[in-house]
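>>> Any chance you can model this:
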Amino acid sequence: MFAKFLPTKTYLCFNASSDSYFKTILLVLRSAPGWRCSSASRKASVRRLDCGLPQRSDDRRAITHTNVKLIRTSAKSIRETVTAADRYSRYQAQFRAICQRVSIFESDCEMHATETVPSIGLAPISYVPCVHYATHQNGTDHRELRVADLVAERTARRQFFYGIEMVASQEGKPTCLDFNEFLPVLPTFLSIVWLGATYCSVDPIELVTSLQLARSLEARIPVMPHLSLYCLTEERLNEFLALNFTNVLPIRGDAVKEGQTFRYTQQVVEHIRRQRGDRISICVAGYPEGYTNLAEPQDPAEAMRYLKAKIAAGADCIITQMCYRSDTIIQFIKDVRSAGITVPIVVGQLVADSFRTYCLSENIAGVHLPPGLRSELLAIESDAERVSQFFIQLSIRIIRDILAADVGVYGVQFYTFNQFAPVQAVLKELRTLDILKDEGGQ
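Residues are numbered from 1 along each chain as shown. Modelled structure (predicted):
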């Protein structure tokens, strides 16, 4: 449809591993600033595409990674390729505009370090948390409360509960969090993202902003700081353990620094458990769709072996990666139990506040909406209110599906991307449905 606008010579980036169902991924005009698919920019170019075209689930991993080939070709062959992809013609006009918008926030992908490592920088030493507490949080002390124990207790009671994940700062400013906006039912715990390369150079480690925030919060709410393996040495890990946090979520992330001591989460879990014994709760990530940032879909059996190794090393809680498919989440939980893993599970959910946030999550986590839902989203992507309601209702539906499946999981961790209003809207609806019950503000 747009082949006539191409110059005589252009560049075609395509996924080498996809079958004929989805060969064409991205047409990049050589003359368009920032869109040349050179070896240095392949990953960025593919990421910019990732919200543009709906794709089958078995294609989703490859297009968010660097598995691309660069082919110099003529306008004639481009036209032939586009013709072969005519089934996507209704999206072709949309995807260029969508990708152009997505590229604007490419740098914002630093936010969530569960799956990515941001650009190197120093965390501010003069970090002052911006937190407003509910009245009943004052005068309490939650420093000794283990997240795994809280999750197990509520699971045993078949009581729905939730936690939230946040980043300590955004655009150089502390993230403001008002617990009063979550009343009458506060989060059971709060999880704080570790920004791998940003925090790597901060010394001493207690000056890391996420740990400063965790220290300020821990008396009033159970808090679980993340710890990335990126550039983590044994000495630095011991410095973290010396801070005596009661909870931690070690995460490998995608990037590995040459020569770093720890390459797998299992190794860090073993070290933490050996040093701290039962005085610390260790949660680890579980992946309902496998590790989604690999170039090829991960063998589910391999993913389960890695998870079992982390549990055997001493992890006592699993928090899943975000996933938009109820059946996939439910099957993952069943597979975990069939594998003999008995630790409690919390399901991770993203309630995107906008199309932009959804695109950001695709870039970071490599997790996509199913094709049908993706088409629905693309049809409304310019209507902010409809997009917000789309994700609110989707999250509620997934939660209800999991509870109805009766698989013994009653907790959700919301990946907030520091946008709390959509989560609060979900919580309000869950209270209306009598799923989230008021226990006097907990």
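
>>> What lies in contact with stretch 277-286?
With C-beta atoms under 8 Å, 6 or more residues apart in numbering as the test, stretch 277-286 has contacts from 114, 146-149, 224, 241, 245-251, 265, 269, 272-273, 307, 310-311, 314-321, 332, 336, 345-346. Yep, even glycine has a C-beta here, placed from its N, CA and C like the rest.

>>> So which of the residues you listed sit within strands?
With DSSP state E as the criterion, strands contain M224, N247, V248, L249, P250, I251, C317, I318, I319, T320, I345, V346 from among those.

>>> Hmm, which of those residues is lowest in pLDDT?
The lowest pLDDT within the ones in strands among the contacts of stretch 277-286 belongs to I251, which sits at 93.

>>> and it, what are its bridge partners?
S228 (DSSP bridges).

>>> List the buried residues of stretch 396-408.
Neighbour-count burial for stretch 396-408, counted by 16 or more other C-beta atoms under 10 Å, picks out I396, I398, I399, I402, A405, V407.

>>> For that stretch, output the C-alpha coordinates as CSV.
Output in CSV follows, covering the C-alpha atoms of stretch 396-408 (Å, rounded to 0.1, in the frame of the first residue of the first chain):
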residue,chain,number,x,y,z
ILE,A,396,-10.4,-7.7,36.2
ARG,A,397,-11.3,-10.5,33.8
ILE,A,398,-8.0,-12.2,34.2
ILE,A,399,-8.2,-12.0,38.0
ARG,A,400,-11.7,-13.4,38.0
ASP,A,401,-10.6,-16.2,35.6
ILE,A,402,-7.8,-17.2,37.9
LEU,A,403,-9.9,-17.2,41.0
ALA,A,404,-12.7,-19.2,39.2
ALA,A,405,-10.1,-21.8,38.1
ASP,A,406,-9.5,-22.6,41.8
VAL,A,407,-5.7,-23.2,41.4
GLY,A,408,-4.8,-21.9,44.8
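
>>> Quick one: mean pLDDT for it?
Averaged across stretch 396-408, pLDDT comes to 98.

>>> quick one: contacts of that stretch?
The contact list for stretch 396-408, computed with C-beta under 8 Å, 6+ apart, reads 155, 160, 324, 326-327, 329-330, 333-334, 337, 345, 347, 349, 409-410, 412, 426, 429-430, 433, 435.

>>> Generate a ChimeraX selection restricted to the buried entries among the residues you listed.
This is the ChimeraX syntax for the buried subset of the contacts of stretch 396-408, where burial follows 16+ other C-beta under 10 Å:
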select :155,160,324,326,329,330,333,345,347,349,409,410,412,426,429,430
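
>>> which ones among the contacts of stretch 396-408 are found in strands?
Cross-referencing the contacts of stretch 396-408 against strands under DSSP E gives I345, V347, Q349, V412.

>>> got any ranges where the stretch 51-200 of the chain has weak pLDDT?
51-125 (pLDDT under 70).

>>> for it, what spans make up the strands?
Taking DSSP state E, counting those that start in this stretch, the strands of the stretch 51-200 of the chain run over residues 68-74, 130-132, 161-166, 169-170, 173-174, 176-178, 189-192.

>>> how about the ones you listed, which one is nearest S388?
Closest approach to S388 among these is made by strand 161-166 (17.4 Å; C-beta to C-beta).

>>> What's the local residue count around S191?
S191 is flanked by 27 other residues according to other C-beta atoms under 10 Å.

>>> Same check on S126?
6.

>>> What of A214?
When neighbours are counted by other C-beta under 10 Å, A214 registers 23.

>>> Would you check that it makes contact with L227?
No: with contacts counted by C-beta atoms under 8 Å, A214 stays clear of L227, the gap being 10.7 Å.
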